[in-house]
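Trainee: Build me a model:
(chains A and B)
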Amino acid sequence: MFMNDIYMIFLGLLILIIGILVGVAYLTLLERKVLGYIQIRKGPNKVGFMGILQPFSDAIKLFTKEQTYPNFSNYLSYYFSPILSFILSLMIWLLIPYYFNMISFNLGILFFLCCTSLGVYTVMVAGWSSNSNYALLGGLRAVAQTISYEVSLALILMSSIIMIMDFNLMMFFVYQNYVWFIILMFPLSLCWMSSSLAETNRTPFDFAEGESELVSGFNIEYSSGGFALIFLAEYSSILFMSLLFILMYMGGFSLSIIFYLKLVFIFFLFIWVRGTLPRYRYDKLMYLAWKSYLPISLNFLLFFLGFKILLL
Amino acid sequence: MEACQVARKQDLPPPGGYKPIPYKRVPAKTLFSGYTMFAGYFGITAFAMYLYSLNYKQILRDQIEMRSAKMAIYPMLLAERDRAYLKQLRKNRDAEAELMKDVPGWEVGTYYGEKVYKLLPPDTLVEPIFHEYYAHSRSWEWFQRAYLKLRS
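Mentor: The predicted model follows:
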């Protein structure tokens, strides 16, 4: 029984990690294809059959390249921050309502908030320890933006928590049986969508890597494996954000094909936004967080609190 | 001059001039006015709130049902547990009698006829400790039970 539990936990985690990695790989392919068709060109279509092996080719290319490191960097923190960010983004995925090893998180939402907050540190350390002006500035921008949007994210989440009166992500499914929360709290869901775009440094808000000002952002000095890990961490957190959107607003978790179609649709939305909208302005972004989303989410929080009290 | 006999065509605007360049902005068509959108938002939200309240009442009913079912089944579960416990105690006594049948002067439940608990009245049920309860079981089962007990 004891060893059996251990084996099952290891097996479950292995399947989970492989699932995430393959999912992230194909999401990059999806992104490149969709961006290609948005810009009226074909995406990758040569490797394998119609480009289906492109992500693996990319991964092999990235990991076989030479890993450089800057001479005057702070080597240990430089080396380990991508690894840490990757581990963190994998740890968040423990939250997925998952039937193999039955990790039932009663405080899953708190766990999510903890993990996303910790993810900021890795970006900060990566930017600082590269000992490069661009990396430092990119890291600072990313940290300021991510922290600001975490506030609005947490406050938007509060309304949903009030609606389900629980920290367990499975309860979203129970409470959205009659009506999806996207209908109940449509403006909040839009706020959540754009906040998660900003939280994951996605395109209309990707000031961490403004190509024109900051060559590539906090990850300039990272070359092969480190860059791949940062990339994987970023995309898996994006995928988790779209998962969370579905959990919170579009009917919660159900082990069905519809759930995964919804997931792909939300991620498609992320890509669509990237292909359509130009970059925002940094001060406007900050004002958006502190002067629009904060009051909006607080007001909605009061509203839903009153509604819930009315129902009791 | 003589070599260039091909009639040259000067690059000129088409007769009547170029068409005017369309530089006016084409704003997106407004499907709903602001009032309509606000009204629609409030209507949809109110309806959703109604549906949510229905759902919430359903959940409360389910919780009450679950709680009542647990309360109803609880005495039964307790009785089952006690029965299993007593049966196991009986089995332990039998196993002890079987084990010690060749020892002269051994009485089951005592130490050669000497009471273990001297001050207790003779028919008191003394609950055995974990190790004594599983003393006659297989070691692997004993280990599993210990694992469950430690982890629950």
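Trainee: Compute the distance between B:Gln88 and A:Lys61, please.
Mentor: Shown here: B:Gln88 relative to A:Lys61, a distance of 65 Å by C-beta to C-beta, to the nearest Å. All C-beta atoms are positioned from the backbone trio N, CA, C, and that covers glycine.
Trainee: what residues does stretch A:256-271 touch?
Mentor: The contact list for stretch A:256-271 (C-beta atoms under 8 Å, 6 or more residues apart in numbering or on different chains) reads A:27, A:30-31, A:34-35, A:193, A:197, A:202, A:238-239, A:242-243, A:245-246, A:250-251, A:253.
Trainee: Using CSV, write out the CA atom coordinates for that stretch.
Mentor: As requested, C-alpha coordinates have been extracted for stretch A:256-271 and formatted as CSV (Å, rounded to 0.1, in the frame of the first residue of the first chain):
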residue,chain,number,x,y,z
SER,A,256,-14.7,15.8,-21.6
ILE,A,257,-13.5,16.8,-25.1
ILE,A,258,-15.6,20.0,-24.8
PHE,A,259,-13.4,21.2,-21.9
TYR,A,260,-10.3,20.8,-24.0
LEU,A,261,-11.9,22.5,-27.0
LYS,A,262,-12.7,25.4,-24.7
LEU,A,263,-9.1,25.4,-23.5
VAL,A,264,-7.8,25.6,-27.1
PHE,A,265,-10.3,28.3,-27.9
ILE,A,266,-9.1,30.5,-25.0
PHE,A,267,-5.5,30.0,-26.0
PHE,A,268,-6.4,30.8,-29.6
LEU,A,269,-7.8,34.0,-28.2
PHE,A,270,-4.5,34.8,-26.6
ILE,A,271,-2.8,34.2,-30.0
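Trainee: For it, what does the pLDDT average out to?
Mentor: What stretch A:256-271 shows for mean pLDDT is 92.
Trainee: Phi and psi next, for B:His136.
Mentor: phi -100, psi 10 (degrees, to the nearest 10).
Trainee: Spatially, what comes nearest to it if we skip its sequence neighbours?
Mentor: In space, B:His136 comes closest to B:Ala95 once its chain neighbours are excluded; the distance is 4.0 Å by C-beta to C-beta, 6 or more residues apart in numbering or on different chains.
Trainee: Are we agreed that the one you found is in a strand?
Mentor: No: counting by DSSP: H, G, I helix; E, B strand; the rest coil, one finds B:Ala95 to be helix, located in no strand.
Trainee: Help me confirm that it comes into contact with B:Ser137.
Mentor: No: taking C-beta atoms under 8 Å as the contact criterion, B:Ala95 and B:Ser137 are not neighbours in contact, 9.1 Å apart.
Trainee: taking the mean pLDDT, what do you get for the helix or strand hosting A:Arg32?
Mentor: With the criterion set as DSSP states H and E, the secondary-structure element containing A:Arg32 is helix A:2-38. Over the span of helix A:2-38, the pLDDT mean works out to 89.
Trainee: Is chain B within reach of it?
Mentor: Yes: looking at helix A:2-38 against chain B by C-beta under 8 Å from any C-beta of the partner chain, the contacts come from A:Phe2.
Trainee: ok, now which ones touch whatever residue of the stretch 201-312 of chain A ends up closest to chain B?
Mentor: Distance from chain B to each residue of the stretch 201-312 of chain A (C-beta to the nearest C-beta) is smallest for A:Leu311, at 5.6 Å. When contacts are counted by C-beta under 8 Å, 6+ apart, A:Leu311 is found next to B:53, B:56.
Trainee: Distance of it relative to A:Ile183?
Mentor: According to C-beta to C-beta, A:Leu311 stands 17 Å off from A:Ile183.
Trainee: near chain A, which residues of chain B?
Mentor: So far as C-beta under 8 Å from any C-beta goes, chain B lies against chain A at B:41, B:44-45, B:48-49, B:51-56, B:58-59, B:144, B:147-148.
Trainee: Among those residues, which lie within helices?
Mentor: The helices in this structure, assigned by DSSP state H, contain B:41, B:44-45, B:48-49, B:51-56, B:58-59, B:144, B:147-148 from the residues of chain B next to chain A.
Trainee: Can you tell me which of those are buried?
Mentor: Buried residues within those, counting neighbours by 16 or more other C-beta atoms under 10 Å in any protein chain shown: B:45, B:48-49, B:51-53, B:55-56, B:59.
Trainee: Can I get those residues in JSON lines including pLDDT and distance to A:Leu140?
Mentor: Shown next, in JSON lines, are these (pLDDT from 0 to 100; distance: C-beta to C-beta, whole Å):
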{"residue": "B:Thr45", "pLDDT": "94", "distance to A:Leu140": "40"}
{"residue": "B:Ala48", "pLDDT": "94", "distance to A:Leu140": "41"}
{"residue": "B:Met49", "pLDDT": "94", "distance to A:Leu140": "43"}
{"residue": "B:Leu51", "pLDDT": "94", "distance to A:Leu140": "45"}
{"residue": "B:Tyr52", "pLDDT": "94", "distance to A:Leu140": "42"}
{"residue": "B:Ser53", "pLDDT": "94", "distance to A:Leu140": "47"}
{"residue": "B:Asn55", "pLDDT": "94", "distance to A:Leu140": "45"}
{"residue": "B:Tyr56", "pLDDT": "94", "distance to A:Leu140": "45"}
{"residue": "B:Ile59", "pLDDT": "94", "distance to A:Leu140": "46"}
